[in-house]
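Chemist: Give me a model of this one.
(chains A and B)
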There are 2 protein chains.
Amino acid sequence: MSGVKDGATGGPNHPIVVAPTESRFWSLPDGVRLAGEPGEAAGVTYPEGFAGSGVAVGLKHSRRPDMGVLAVVPPWREGATSAAVFTRNAFAAAPIQLNRSECELGAYVAVIVNSGNANACTGRPGLSVARAMQHACAETLKVPAARVAVGSTGIIGVQLDEVFMAEGAKKAAAAVQPAGGSDFNKAMMTTDRFQKTCAMDVETSDGSVRLGVCAKGAGMISPAMATMLCVVTTDAVVSATDMQSTLQRAVERSFNRVTVDGEMSTNDSVFFMSSGASGVRLAAAGLLQFAVALESLLMRIALMMVADGEGAEKIMRLQVVGAETDRDAAAVARAIADSPLVKTAMHGGDPNWGRIISSAGAAMAGRSLPASELRLGGVKVVEGGAASEVAEGDKERMRAEMRGPEVDIWLDLGLGDSSTELFFADMGHEYVTINAEYHT
Amino acid sequence: MSGVKDGATGGPNHPIVVAPTESRFWSLPDGVRLAGEPGEAAGVTYPEGFAGSGVAVGLKHSRRPDMGVLAVVPPWREGATSAAVFTRNAFAAAPIQLNRSECELGAYVAVIVNSGNANACTGRPGLSVARAMQHACAETLKVPAARVAVGSTGIIGVQLDEVFMAEGAKKAAAAVQPAGGSDFNKAMMTTDRFQKTCAMDVETSDGSVRLGVCAKGAGMISPAMATMLCVVTTDAVVSATDMQSTLQRAVERSFNRVTVDGEMSTNDSVFFMSSGASGVRLAAAGLLQFAVALESLLMRIALMMVADGEGAEKIMRLQVVGAETDRDAAAVARAIADSPLVKTAMHGGDPNWGRIISSAGAAMAGRSLPASELRLGGVKVVEGGAASEVAEGDKERMRAEMRGPEVDIWLDLGLGDSSTELFFADMGHEYVTINAEYHT
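Modeler: Below you'll find the model as predicted:
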């Protein structure tokens, strides 16, 4: 149980599901080695050339760290490159608007984050606050303002004080230190039960480079849509263009398989910074190895996010195959993964597959699925659109898998060649408790 | 608290929300009078010419009634007309398939229903079972098989015994009696906390006619999609064509405003039968008055269904206006109404409107909503896309409404002229408890 328990804060009411390193849904690519000891959560400062901080400025009532900076340190700032992916939510928060219009997204060298307040739905004053954070951080780090990106998470629609936030930003920027990755991660956490960090050594044909990551994203993953913040670092030498394309592809194949594309919160952001400190410049083959490692790194974080779903005790892998179009496959997968009836049945360890069928059928309204097949925990329960005879031994095997931490669901619509894969969490009482009481 | 509490089975953990007769979301049209005393639940047998039954054949472990028949009685069978609306779910259950292919949907005179087993995902054997129920019922009532419709609700994917079900159907058909409407309703109930029935006297320009209704549909309303069964009766003389068009319009404006079109379970069915026993033939103006009454009748039942949502303690009325297209309005409304984060916040009486904004923004991904406005409990909380200053008195008024049983949510997207209205329930611990333990 290494990895996912690093820095775990969950008590007895917060069982932590299987660690990704032990998950059958995740594996380490060739040439990649997990770095750091269990319990060490310095993720983003594992690559050379970075420093981080996390300080308490008073946004969280708990007085826990709520503002942090992660920065490329001299002498690496000049050649540093970067990339970013932001939410497409129509109510994109002020920091996202700022990043899009007043930040060099291919060359920023620091990101400042805060928790406790999302600075979303805050209009012009909110934009000023985000700008004040950016400028104060840049001034302290002695870099141009446009080379600092901003990320926020927390409550929506509450105005922040510009002077207060600028003072906090200075304090956070002044506190960066080479081993500060874990502090930085803590500063972005909200209802997270454990830290989500990971670091890797990647052997490429161009040489050895490092990757690090940390994220915030408890529970309120699609369909619930709370904020996901993620910062990824590397010391490889990669052009900004290559950074952006590898990041986009990796996000598509990791976070978008747990949050479902388009269902993004007002603040979702993935930042990717390279210090270039390894001196290893990645060319064609090396860049491909790097891209594979990055995808694996983000998938690991994505699975941690599912595992940290509020009240979650299980991870379901849902594969929908045999659809006529990618759109149909996605619609069916999402209908199943987002169904509270399916999620609660999974929580109860109940092989009530009728709810899966009903959700899939609703997503395919007006169609007929006479060649469909459903397997739950590897056991065929529907064949030719109707319930199969299931042997007693198979029933027991299915029930055993459903009591465990990882459940496989496989649905063949029997219509075509399109398919998709999605990961989702179950839904239990903790979910209601946390979310009915979050605001007050 | 008349009406909705009729036959209530909810205990102290099942608070029953405001009765539709006292709801500000429902009103009685001109010329319509609610019929029957509080506590009287004979709904569908209030119109002349009907008889109903509910018997226990052993499908429910509780030994409660689980099979029932509602029939037009002689001498009214000859001229009886009917209509029906069924689910569009791709896994439509066997009885739905049978109704579509082997039932005269404009002239059936009886409907046989069972609870405890949905006869869905049961393939060819399931179709034989539905046919056996239809034939056994028809034989006992001495009508052609094609003049009997079938409805089922309960668990999916479990085969039924044909002989057992035919015997049950005979028993249920033999038991029909003029005051049997309440027994019939009980036979279709599953996790319902109270009976859902209503009866009306409708004064039309052509004369006075009666309408009655009963339904099953606890909790698992969209996005959870469990079965809704509804039977409507009248003693007006109406052509089958007029029956079908008035029913479709009324369903569109009632059930589809709580379940959201297309999100239907494998078994959803609305049956509508006329005995013609009043002798009052409805022409143009009378038919319109009748249609208005029918819509009001079904809206009352739809609100009862929301009120009986598993764990539900509140009803939210969500109005989305200012959309560019009906499709956008519906997508935004559904994203909000289906969001577990919004539903749990409402359960906690928490004015956390950021979750409403975040859901709406996700449904409008890639767009910008600078002219949007949100009102919660009549209080403006967002204006011009940003949080408004809310006076202390208004805050208190909003909190008070959120603690109550009915909450108004009004969102103006500020883009165009399309709008929609939806009703949804909150989500609490009961929801998880009921649904994590339903199967076993």
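
Chemist: alpha carbons only for contacts and neighbour counts from here, please
Modeler: Noted.

Chemist: As a check, name the ranges of all helices in chain A.
Modeler: Along chain A, counting by DSSP state H, helices occupy A:94-102, A:123-141, A:162-174, A:181-188, A:240-252, A:284-307, A:326-337, A:340-347, A:354-363, A:392-403, A:429-436.

Chemist: Among the ones you listed, which comes closest to A:Pro65?
Modeler: Of all those, it is helix A:181-188 that lies closest to A:Pro65, at 4.6 Å by Cα to Cα.

Chemist: now the helices of chain A in JSON lines, with mean pLDDT, mean neighbour count and distance to chain B?
Modeler: As requested, the helices of chain A are exported to JSON lines (pLDDT from 0 to 100; neighbours: other Cα atoms under 10 Å in any protein chain shown; distance: least, Cα to the nearest Cα, whole Å):
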{"stretch": "helix A:94-102", "mean pLDDT": "98", "mean neighbour count": "21", "distance to chain B": "10"}
{"stretch": "helix A:123-141", "mean pLDDT": "98", "mean neighbour count": "22", "distance to chain B": "5"}
{"stretch": "helix A:162-174", "mean pLDDT": "98", "mean neighbour count": "21", "distance to chain B": "16"}
{"stretch": "helix A:181-188", "mean pLDDT": "95", "mean neighbour count": "28", "distance to chain B": "19"}
{"stretch": "helix A:240-252", "mean pLDDT": "97", "mean neighbour count": "18", "distance to chain B": "16"}
{"stretch": "helix A:284-307", "mean pLDDT": "93", "mean neighbour count": "23", "distance to chain B": "16"}
{"stretch": "helix A:326-337", "mean pLDDT": "93", "mean neighbour count": "23", "distance to chain B": "9"}
{"stretch": "helix A:340-347", "mean pLDDT": "84", "mean neighbour count": "27", "distance to chain B": "5"}
{"stretch": "helix A:354-363", "mean pLDDT": "91", "mean neighbour count": "27", "distance to chain B": "4"}
{"stretch": "helix A:392-403", "mean pLDDT": "93", "mean neighbour count": "16", "distance to chain B": "11"}
{"stretch": "helix A:429-436", "mean pLDDT": "68", "mean neighbour count": "21", "distance to chain B": "4"}
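
Chemist: Any chance of JSON lines for those helices, columns distance to B:Thr344?
Modeler: Listed next are the helices of chain A as JSON lines, based on distance: least, Cα to Cα, whole Å:
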{"stretch": "helix A:94-102", "distance to B:Thr344": "26"}
{"stretch": "helix A:123-141", "distance to B:Thr344": "27"}
{"stretch": "helix A:162-174", "distance to B:Thr344": "31"}
{"stretch": "helix A:181-188", "distance to B:Thr344": "24"}
{"stretch": "helix A:240-252", "distance to B:Thr344": "29"}
{"stretch": "helix A:284-307", "distance to B:Thr344": "19"}
{"stretch": "helix A:326-337", "distance to B:Thr344": "18"}
{"stretch": "helix A:340-347", "distance to B:Thr344": "12"}
{"stretch": "helix A:354-363", "distance to B:Thr344": "21"}
{"stretch": "helix A:392-403", "distance to B:Thr344": "26"}
{"stretch": "helix A:429-436", "distance to B:Thr344": "5"}
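
Chemist: do you know which of these lies nearest B:Met165?
Modeler: Smallest distance to B:Met165 across these (Cα to Cα): 21.0 Å, for helix A:354-363.

Chemist: The residue nearest in space to the middle of chain A - nearest residue in space that isn't next to it in sequence?
Modeler: Centroid check for chain A by Cα atoms, centre = their mean gives A:Ala302 as the closest residue, at 4.5 Å. Distance criterion Cα to Cα, 6 or more residues apart in numbering or on different chains; nearest residue to A:Ala302, sequence neighbours excluded, is A:Phe255 at 5.4 Å.

Chemist: Would you agree the one you found is in contact with A:Leu298?
Modeler: Yes: A:Phe255 lies in contact with A:Leu298 (Cα atoms under 8 Å); the separation is 7.2 Å.

Chemist: A:Ala149: what's it in contact with?
Modeler: Contacts were defined as Cα atoms under 8 Å, 6 or more residues apart in numbering or on different chains; by that measure A:Ala149 touches A:Pro95, A:Asn99, A:Cys103, A:Leu105, A:Tyr108, A:Ala110, A:Val111, A:Ile112, A:Gln134.

Chemist: partners of it in the sheet?
Modeler: Under DSSP bridges, the beta-bridge partners of A:Ala149 are A:Val111.

Chemist: picking that back up, next up, the contacts around the residue nearest to A:Ala302.
Modeler: If you count contacts by Cα under 8 Å, 6+ apart, A:Phe255 has them with A:Leu298, A:Met299, A:Ala302.
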